[in-house]
Structure formats: C-alpha cells, structure tokens
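Novice: Got a sequence here, can you model it:
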Amino acid sequence: MMEQFLWTEKYRPKTVKDTILDPQIKKIFQDFVNQKNIPNLLLSGKAGVGKTSVARAVLEEIGCEYIIINGSLHGNIDTLRYTISNFASSISFSGHRKYVILDEADGLNPNSTQPSLRNFMELYSSNCGFILTCNYKAKIMPEIHSRCSVIDFDIPEEKRLQLSAQFMKRIVYILDQENVKYNDIKTISKIVNKFFPDWRRMLNEIQLNSSGGIIDESILLPKKNLKFEELVLSLKSKNFDKMRIWVSENAIVDTPSFYKELCDNLVTFTTSSNAISSIIINIAEFEYKEAFVANTEINRTAALLNIMADCDGEWS
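Specialist: This next block holds a predicted model:
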C-alpha cells in the first residue's frame, strides 16, 4: 500500500537505465549488471540523489536476494548479530550472491557495530556482499572504506543542466500519470532548481502540493504557518505535549525554512543575550543533524527540548 501511495516508491527506478545519475556513475552500475557481479560498495553523497535507488535497481536487475537495513534506526550490534548474520549466512535461492544494503550507514554505532561489520564483510564474503550508503563518509571507519569500492555521488557543475533536464522530464511524466496539471514548464523548472539535486525531496514536495489537482508556483513560497506564540507559551510552561503537537503540525515545513523561521522568531521573544545565544547554537546544531537523521520530527522535538531547558526563565 505504501509503495502505491508514496510517489518516491511508486516511481522508484526498476533498472539502472531508468535512474537519473551522472553518466559516469551510471556506467559503473550498468557494468555491474552486465558482469552480474557487484563488489562491496560505499555510496556517498547528499540525501535524495539516488544512492539507494540505484543499489536496489542493480540488485533487482541481476536477480539477487537482498535486505535493507536502516543504520540510523537499527544501527546497534544486535541487528548485526541476528538480522544480518542470519541473512548473510543462509544459502541464496536464486543462485546469485546475496546482498545487504545498509542505508544511512553513517548512523551505525562506531564503537560496536562498525568494528564488527568489517569482520562480517570478510566472514561472509563468499555468500554475501554489502552495499553501504551514507551522507557523510567520514563517519565510516577507514577499515570499512578499505573493504569497499567507494563511489561519490557528487554532481559536477557542468553536468547540472543535463541532469536538471532529466529531472524535469521525469516530473512531467509523473504528473501526467497522476492527472495533476501544472501551470507551465517554467514552474517545473523552478521547482527542480530549488531542490536540485534532491530528487526525493522534489517528488515529496510535488506530491504534497498536488492535492488540489494542479501544481503552481505556490510550492516555492516559504511556509509561514508556524504559530510561534503558541510554541513559546509551551516552552515557557514546559508543556511537552503542546510543544510536540506544534512540531507535528509543522512537520511538512522543509528543513531550511523551519530552522530559519525558528531562529528569526524565537529570538524576538527574549531580551536575554544568554537565551539568544543558546537558541542560535541549538538551532545550528540540530539543523546540521537533520541532514542524516531518520526522523526529522524527533530531531526537531529534541532541538526544542534543549531550548526549553536552556532558556528556562529567560523568556520575555
């Protein structure tokens, strides 16, 4: 059901040919398909650029059995010992080598899971391969780097126009399939330019704003529906439930807009230099973390909890 509801899943590429990637990177994965052989991989790049999609596509084209583990959600040693170990040690029914996709692998515990993972990669190498995706490859220990072929999904500036055109064509196709109208192609172009190269973000924003049956430039406007008086009241009274409801009601606001509005508005509710400093430091820290957390609502709630504690008695 979820795969049919979410456009990011419904229109996820099924083959390497259907992915939107730098041609050089695309050729690497097409070669894997042609050779029917995939080494251990570490795929690094910004969120939404297609790392997991191409990993799934190449495995499905070859016909390999695979599982996907989210390192941010299940990055503990028990996941390695039981879920991954049981899968990696069992025989493949397809006759091909099995694979584990470790999504958001930079969320794996660096003190327990990552050191154990390097041994697993060797122990099960004859039967199972590993494909790790991450936003920050520096968070992956060097010993794992050395056991993988590292592919960076950086997009050179000179190829931006070519890939943007492919993104636009794909979005137009999806809107036509979903019977959603759009004002003109310039609107689609502006949407692509705003969110490029985050393909997942583009599609989520378009689906979110398609409920009226038409896409126009309102999707590009900043979200101004955040009611900061209500938020500050909940922070002053230490009312966690009301603060949590506020976060949930504003969950659709994109990360840059959310934290910019949060900073600009919260500092107007206090004259304390200590409180203002605390607010800015907290917002900067949690905006950075949001690039690789699994659940943005939990991250935003944690940011506000920190502000609630640090600014106790400091509100005007």
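Novice: quick one, strands of the stretch 151-300 of the chain?
Specialist: Using DSSP state E, counting those that start in this stretch, the strands of the stretch 151-300 of the chain run over 181-182, 214-215.
Novice: any idea which of those is most buried?
Specialist: strand 214-215 (a mean of 18; mean count of other Cβ atoms under 10 Å). In this view, the C-beta of every residue, glycine as well, is placed from N, C-alpha and C.
Novice: Check the strands of the stretch 151-300 of the chain for me: which has the lowest mean pLDDT.
Specialist: Of all the strands of the stretch 151-300 of the chain, mean pLDDT reaches its minimum on strand 214-215 (a mean of 83).
Novice: Pipe the strands of the stretch 151-300 of the chain into TSV and attach distance to residue 110 per row.
Specialist: Output for the strands of the stretch 151-300 of the chain, formatted as TSV (distance: least, Cβ to Cβ, whole Å):
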stretch	distance to residue 110
strand 181-182	45
strand 214-215	42
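Novice: for those, which one sits closest to residue 85?
Specialist: strand 214-215 (46.4 Å; Cβ to Cβ).
Novice: what's in contact with that closest one?
Specialist: With contacts defined as Cβ atoms under 8 Å, 6 or more residues apart in numbering, strand 214-215 is touched by 175, 180-183, 187-188, 191, 206, 209.
Novice: What ranges in the stretch 101-250 of the chain fall below the confidence cut-off?
Specialist: 220-226 (pLDDT under 70).
Novice: So residue 52 sits against residue 135, correct?
Specialist: No: proximity of residue 52 to residue 135 does not meet the contact threshold set by Cβ atoms under 8 Å, at 11.6 Å.
Novice: helix/strand/coil for the spatially most central residue of the chain?
Specialist: Most central in the chain under Cα atoms, centre = their mean is residue 47, positioned 4.4 Å from the mean C-alpha point. At residue 47 the chain is in coil, as set by DSSP: H, G, I helix; E, B strand; the rest coil.
Novice: and it, how far is that from residue 240?
Specialist: Distance, residue 47 to residue 240, by Cβ to Cβ, to the nearest Å: 29 Å.
Novice: try residue 281
Specialist: For residue 281, the distance to residue 240 - Cβ to Cβ - is 21 Å.
Novice: Then residue 98?
Specialist: 44 Å.
Novice: mind listing what the residue nearest to the centre of the chain touches?
Specialist: 135, 198, 200-201, 291-292.
Novice: repeat that with 10 Å
Specialist: 104, 133, 135, 197-201, 255, 290-292 (Cβ atoms under 10 Å, 6 or more residues apart in numbering).
Novice: Could you pull out the residues contacting both of residue 52 and residue 135?
Specialist: With Cβ under 10 Å, 6+ apart, residue 52 and residue 135 have common neighbours residue 104.
Novice: thinking again about what came up before, among the contacts of strand 214-215, which are located in helices?
Specialist: 175, 187-188, 191, 206 (DSSP state H).
Novice: quick one: the helices in the stretch 101-250 of the chain?
Specialist: In the stretch 101-250 of the chain, the helices defined using DSSP state H, counting those that start in this stretch lie at 113-123, 142-145, 160-177, 185-195, 199-208, 228-236, 240-249.
Novice: okay if I get the ones you listed as TSV plus distance to residue 14?
Specialist: What follows is these, written out as TSV (distance: least, Cβ to Cβ, whole Å):
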stretch	distance to residue 14
helix 113-123	27
helix 142-145	29
helix 160-177	13
helix 185-195	22
helix 199-208	15
helix 228-236	43
helix 240-249	34
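Novice: Just say which of those is most tucked in.
Specialist: It is helix 199-208: most buried of those by mean count of other Cβ under 10 Å, with a mean of 20.
Novice: Tell me what angle it forms with helix 185-195.
Specialist: 130 degrees (axes from the mean of the first three to the mean of the last three Cα atoms, to 10 degrees).
Novice: which other helices and strands contact helix 199-208?
Specialist: In terms of contacts (3 or more Cβ pairs under 10 Å, 6 or more residues apart in numbering; DSSP states H and E), helix 199-208 is packed against helix 7-10, helix 51-62, helix 160-177, helix 185-195, strand 214-215.
Novice: Out of the ones you listed, which gets nearest to residue 145?
Specialist: Here helix 51-62 is closest among the helices and strands packed on helix 199-208 (Cβ to Cβ), at 15.9 Å.
Novice: for that closest one, what is the average pLDDT?
Specialist: 96.
Novice: got the buried residues for that helix?
Specialist: Neighbour counts using 16 or more other Cβ atoms under 10 Å place 51-59, 61-62 of helix 51-62 among the buried residues.
Novice: Format the residues you listed as CSV; extra columns: distance to residue 232.
Specialist: Compiled in CSV, the buried residues of helix 51-62 are given as follows (distance: Cβ to Cβ, whole Å):
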residue, distance to residue 232
51, 39
52, 39
53, 41
54, 44
55, 44
56, 44
57, 47
58, 50
59, 49
61, 53
62, 55
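Novice: Closest to residue 24 out of those?
Specialist: Using Cβ to Cβ, those come closest to residue 24 at residue 54, 12.8 Å.
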